[in-house]
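1. Mind looking at a prediction? Sequence and model below.
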Amino acid sequence: MRVADSPTLSDVERGLQMPLLEAMLTQRAIRRLRPDPIDDAIVLRCIEIGLKAPTSSNGQNWEWIVVKDPAVKQKLAAQYRQAWALYGGAMRRLNRVDDSAAKILAAVDWQVAHLAEMPVLVVACLRGGRVPLLPQPPLVESSYYGSIYPSVQNLLLAARAMGVGAALITLPLWSVTAARRILGLPISVRPCCIVPMGWPVGRYGPTTRKPVGDVAHLDRFGRQPWRGREEAASKKALVSR
């Protein structure tokens, strides 16, 4: 269903013609969303693009729960508040003098307080592939989640191109048991992350990141021959926008 005057898929789909580099360079977590409804067709188009991502052994074992019911959103928001009460406090203590971190924490505070008002919460899930209730070796865990996060990134890029606000979050799923109960998931389906989607309060734009030379290592950790070199190509791309 769509409320009159809200954008339709045909209004925003042309945004998918945005150059890939522009989408990647201007993508950011949009945590503040308006409560205005978003056309189901736009959400489904983003998920459809997510399905084009590779999965382990081409398993295509995703499941996507599109949450619009206010009661379900309220329950997930309550889980978010519980987790953030502990995690957010710890983050503030660790980043007392970091202005950049303070801005991010303020944005998350807003998201926590307004999650239930956001029009759509897309819960990305994986089906099968692991033994329920038993701890898994790190390699198994990494391989398992490697089948969902490329899809989520595709979804986020599609949202960015169409001007839809979105951000990947996991704290509302801190209790998998509670999440399964809230969403009616069987034991064979695991919720992995949530992407709130809606029309942004802010806007997309270039982000500030560490120089690649500061995080790239050659052959072994600690060998950084590129440290301190200017990222000419990246700067040129950002300046041109």
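-> Cool, the structure landed. Source: prediction; values computed, not measured.
2. Return the helix or strand in this protein with minimum mean pLDDT.
-> In the chain, no helix or strand scores lower on mean pLDDT, DSSP states H and E than helix 232-239, which sits at a mean of 52.
3. Low-confidence stretches in this protein?
-> 1-4, 96-97, 129-134, 230-241 (pLDDT under 70).
4. so where do the strands sit in it?
-> Listed in chain order, the strands of the chain (DSSP state E) span 62-67, 120-127, 165-166, 189-198.
5. Spatially nearest residue to the spatially most central residue of the chain, not counting backbone neighbours?
-> Centroid-nearest residue in the chain, with CA atoms, centre = their mean: Leu168, separated by 1.8 Å. Ranked by CB to CB, 6 or more residues apart in numbering and with sequence neighbours excluded, the top spatial neighbour of Leu168 is Cys193, at 5.3 Å. Where C-beta positions appear, they are placed from N, C-alpha and C, glycine not excepted.
6. My guess is the one you found contacts Val152. True?
-> Yes. When contacts are counted by CB atoms under 8 Å, Cys193 is listed as touching Val152 (6.2 Å).
7. Could you tell me which residues touch both of these two?
-> Residues touching both Cys193 and Val152 (CB atoms under 8 Å, 6 or more residues apart in numbering) are Ala124, Leu168.
8. So for those two, which sits in the more crowded spot?
-> Taking neighbours as other CB atoms under 10 Å, Cys193 and Val152 compare with Val152 leading, 22 against 18.
9. Which residues are in contact with the nearest residue to Ala116 once chain neighbours are set aside?
-> Excluding the flanking residues, the one nearest Ala116 by CB to CB, 6+ apart is Ala77, at 4.0 Å. Going by CB under 8 Å, 6+ apart, Ala77 touches Val112, Leu115, Ala116, Pro172.
10. Quick one: neighbours of the third one, just the number.
-> One way to gauge burial is a neighbour count; for Ala116, by other CB under 10 Å, it gives 18.
11. can you tell me which residues contact it?
-> Ala116 is in contact with Pro70, Lys73, Gln74, Leu76, Ala77, counting by CB under 8 Å, 6+ apart.
12. Count residues in the vicinity of Glu22, would you?
-> Neighbour count of Glu22, defined by other CB under 10 Å: 15.
13. Number the chain from 37, please
-> Yes, from this point I'll number from 37; that puts the last item at Glu58.
14. Distance of it relative to Thr244?
-> Glu58 sits 17 Å away from Thr244, going by CB to CB, to the nearest Å.
15. Ok, Ala119 next?
-> Ala119 is 27 Å from Thr244, where distance means CB to CB.
16. One more: Ile66?
-> 16 Å.
17. These two: who's more crowded?
-> The neighbour comparison of Ile66 against Thr244 (other CB under 10 Å) goes to Ile66, with 25 against 7.
18. Looks like the more buried one contacts Tyr240 (just checking).
-> Yes. The pair formed by Ile66 and Tyr240 meets the contact definition of CB under 8 Å, at 7.0 Å.
19. follow-up on the earlier one: among the contacts of Ala152, the buried ones, what's the ChimeraX command?
-> Typed into ChimeraX, the line below selects the buried ones among the contacts of Ala152, using 16 or more other CB atoms under 10 Å:
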select :109,112,113
